[in-house]
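J.: need the 3D shape of this:
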Amino acid sequence: MKRVLLILGIACVPMIMLAQQEAKADMDTAWKKIYRESYPKTNEVVHTKLQVSFDFNKSYLYGKEWLTLKPHFYATDSVLLDAKGMEIKELALVSGTNKRPLKYTYDGMLLNIKLDKTYKGGEKYTLYFDYISKPNELKVQGSAAITDARGLYFINPKGEDKTKPTEIWTQGETESNSAWMITIDKPDQKSTEEIYMTVPSKYVTLSNGLKISEKKNADGTRTDYWKMDLPHAPYLFFMGVGDYAITKDKYKGKEVSYYTEPDQQPFARRVFGHTPEMIKFFSEKLGIDFPWPKYAQIVGRDYVSGAMENTTSTLHGSAAYQNNRELTDGNKWEDVIAHELFHQWFGDLVTTESWSNITVNESMADYSETLWNEYKYGKDAGDKHIEDDREKYLEDPQNATKDLVRFYYQNKEDVFDNVSYPKGGAILHMLRNYVGDEAFFKSLNLYLTNNKFKTGEAQQLRLAFEEVTGQDLNWFWNEWYYGSGHPKLDIQYNYNVPGMPGYAEVIVKQTQNTGKNFTLPIAVDVYSNGNRERYKITLKNAMDTFYFKVNEKPELINVDADKILLAEKTDNKSEANYIAQWKYARNYLDRKEALSFFAEKKMPEIAKGLYDRYAPLRNYTIRKIEATPYKSDAVVLEQIATMAQKENDKITKASAINFLVKTSDKKYLPIYQSSVNDSSYSVAAAALNGLASLEPENAYTLAKKYSTDAKGDLADVVSNLLINEGKEDDFDIIALNYKNSQPGFEKVMASSKFAKYLSQINNIEKIKTGIDYILEFRNLIPQQYREEIDPAFKSALDEISKAKGGEIEEYIHKKFK
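T.: Residues are numbered from 1 along each chain as shown. All right, here's what the predicted structure looks like:
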């Protein structure tokens, strides 16, 4: 699962609120003593057969279910099942064509059933249920907050919102599918599956496995029969319903399909079209061909948590939707597509045994993004992705307090964080570098082969690597999987070693002060006269000293030459060293580190980055130059002006234009005029900013002109210009730009600007509609995150209340709960 909004959303909370939240969490420490073991297997689910229909007016599911189970090993005369918030109309044991009622107790969450006899280990029995699922009436009390665990989501079920389609989709992870089907809702269960879905004939359905048949019914409905013959975990079961257009691809004769709203179908292949190539790449890398009978991807409205790897049927949030102008800037959803696909092996074929071991799902999927970028777009792209991972982990000091395999947590949702995702990916990158590519992928193959259609944990992954490499890797797992934190390194160089002429000395101190020193096998490159000599060393002590034979003072000693370490580094290189690093050491991070140093020291060499081969580093250079005296250098300005006109990468081109806008120089007006109609929203937005800055009297007119096709950055610029004018007549443009913007950090910030605009207009109905849009976004955020995010919304709504009072104040008080 790629949890996009939740990670971005938390980042926007004011630090004071985070501090308050952490202080509150520290007060409740009981969870720190609760060991989160794998759920015991008294009974095992073998097969799940469902017949379901939907009441769109009530948001109910009417279900009949046949659940086949068996005792795992020990004999038992009872079974405990998850069934959240249901109305149980009938419960019976099925024997042939006969049904025998069974005694049970039900507390609204768990069904405790007394069986008709004691069943031996492996002896199958089938239970029948007739029930009603009422997901919108379900609330689950979590340890930290009320958790949204509906599992089954009715989107605009009555069709009252004319701007939104009617859809149904399910979300099972972590343990929410038991809100619409009765099961043992734990990750260490595996079941085959049949689902008969009865829906209005106008709708399309999607579920796991293959669609076996369709049957038209006399009442205008249709029953689709989906069947999955391969076992998978209950949280990976999926249903999707809606008015979808289906775009079809293939991989080795298997259907690869993309379910989108009809008006998005023209762009579906540009968004998802790399999927067959991804399947081929991952299949070949892992040595295991795609293991499932089909692969579909569907986009669900109001799904804000990124995407979910339901077996054979991945669900994406509507942020995946992009038109051709947006895609001109690059497919922002491509990493998510790769991530969810890789889960079909790591997560679906082999599933984490417990939420404590989620790393064997999520760290793997996170690292797949690096693998795909490296393969498809080159080593620089892969290196950038893994460096971005490291930065995500390092930006929050709290991450250093958490183990990757986490047997103690307050809420199982807590493990889906920047430790399990980006830190885990960075750890796999170090492991790959240490064992080598061949051993790395052969070890992954062995892990998958040994545990296919079963569960796995971090120790099984270790054993696979040890079997392939012949090495004891407990040291690596103990430090990185079962430990927390990361090394902090201070690197010193000495080229005049007393009593040791002809040697250079490197001293590396581990300064993390945690009582633990990391074992870090790395490469060191020594450059003399442009020639490189490579050495392999291992850091393991609080202070390690290394000596390298040299004929003369080296131009550069590059510690961690492959740039694979997850660490904070203080690297005490000289200006001359960094100039040599830029010249000789050509990894992405080598160049980025050099550019960062040049910018910090305000060295003219910073301009070299404008000519780098990799567009994101050219973009990085533009942003860094802004804080140096060279922002007004004639040669720099000439090159950036050239980039503003000829740069192929649209994001970098937009940065170049934005740089020129800040000069307020009218000579760049022709660049803005020629770029404002660019196919890229980012470039057009930057150009519109430029035109508005040089012609402020025309800014409003320009914003109106370009508002008819504005998304992303262009929508933001248009809205800001119109909001500054504060005209009530522009409500429809401003409000729809806000409503249609994608959930995330930027939209939280935009809520404040939108609220300011609403406080300036007078039409009561428009103000109420705007408030509804703000709260609609806020209500999409799962409730366990509301305490952290609500202060931002409260501040925005308070501004409207103070400005308008009366009816509007009462309206907000009634709506904002």
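
J.: distance check, Ala699 against Leu688.
T.: Remark: distance between Ala699 and Leu688 (C-beta to C-beta, to the nearest Å) = 9 Å. The C-beta positions use only the backbone N, C-alpha and C, and glycine is treated the same way.

J.: the more surrounded of these two?
T.: Leu688 (27 against 21; other C-beta atoms under 10 Å).

J.: in contact with the more buried one: list those residues for me.
T.: With contact taken as C-beta atoms under 8 Å, 6 or more residues apart in numbering, Leu688 is in contact with Tyr672, Val676, Leu702, Ala703, Tyr706, Leu714, Val717, Val718, Leu721.

J.: please narrow the residues you listed to those residing in helices.
T.: Under the assignment DSSP state H, those contribute Tyr672, Leu702, Ala703, Leu714, Val717, Val718, Leu721 to helices.

J.: of those, which is the nearest to Lys248?
T.: The shortest separation between Lys248 and any of the ones in helices among the contacts of Leu688 is 32.4 Å, and it belongs to Leu714 (by C-beta to C-beta).

J.: quick one: low-confidence parts of the chain?
T.: Low-confidence segments of the chain (pLDDT under 70): 4-27, 140-148, 783-784.

J.: where's the helix or strand harbouring Phe597 relative to the chain centroid, distance-wise?
T.: Per DSSP states H and E: Phe597 is located in helix 588-600. The chain centroid and the centroid of helix 588-600 are separated by 28 Å under C-alpha atoms, centre = their mean, to the nearest Å.

J.: ok, back up a step: got any residues that touch both of Ala699 and Leu688?
T.: By the contact definition C-beta under 8 Å, 6+ apart, Ala699 and Leu688 are jointly contacted by Leu721.

J.: pretty sure Tyr434 is touching Trp475, no?
T.: No - Tyr434 is beyond contact range of Trp475, at 10.8 Å (criterion: C-beta atoms under 8 Å).

J.: got the contact list for the helix holding Phe597?
T.: 379-380, 383-384, 387, 558, 563, 571, 573, 575, 578-579, 581-582, 585, 603-606, 608-609, 612, 614, 617, 620-621, 624-625, 627-628.

J.: over to stretch 466-476?
T.: With C-beta under 8 Å, 6+ apart, stretch 466-476 has contacts from Leu431, Tyr434, Val435, Ala439, Lys442, Ser443, Leu446, Arg462, Phe465, Thr519.

J.: pull out the buried members of those residues.
T.: Buried members of those, scored by 16 or more other C-beta atoms under 10 Å, are Leu431, Tyr434, Val435, Ala439, Lys442, Ser443, Leu446, Arg462, Phe465.

J.: please list the members of those residues that lie in helices.
T.: Leu431, Tyr434, Val435, Ala439, Lys442, Ser443, Leu446, Arg462, Phe465.

J.: give me the spatial nearest neighbour of Met603, chain neighbours excluded.
T.: Glu575 (6.7 Å; C-beta to C-beta, 6 or more residues apart in numbering).

J.: and that neighbour, its phi and psi?
T.: Backbone torsions for Glu575, taken as degrees, to the nearest 10, come to phi -60, psi -40.

J.: just list the residues touching it, thanks.
T.: So Glu575 contacts Phe597, Lys601, Met603 (C-beta under 8 Å, 6+ apart).

J.: ok, residues contacting whichever strand or helix holds Ala296?
T.: Assigned by DSSP H and E, Ala296 belongs to strand 295-300. Applying C-beta under 8 Å, 6+ apart, the external contacts of strand 295-300 come out as 153, 155, 167, 169, 206, 240, 244, 251, 254-261, 264, 272, 275, 279, 312-318, 320-321, 337, 340-341, 344.
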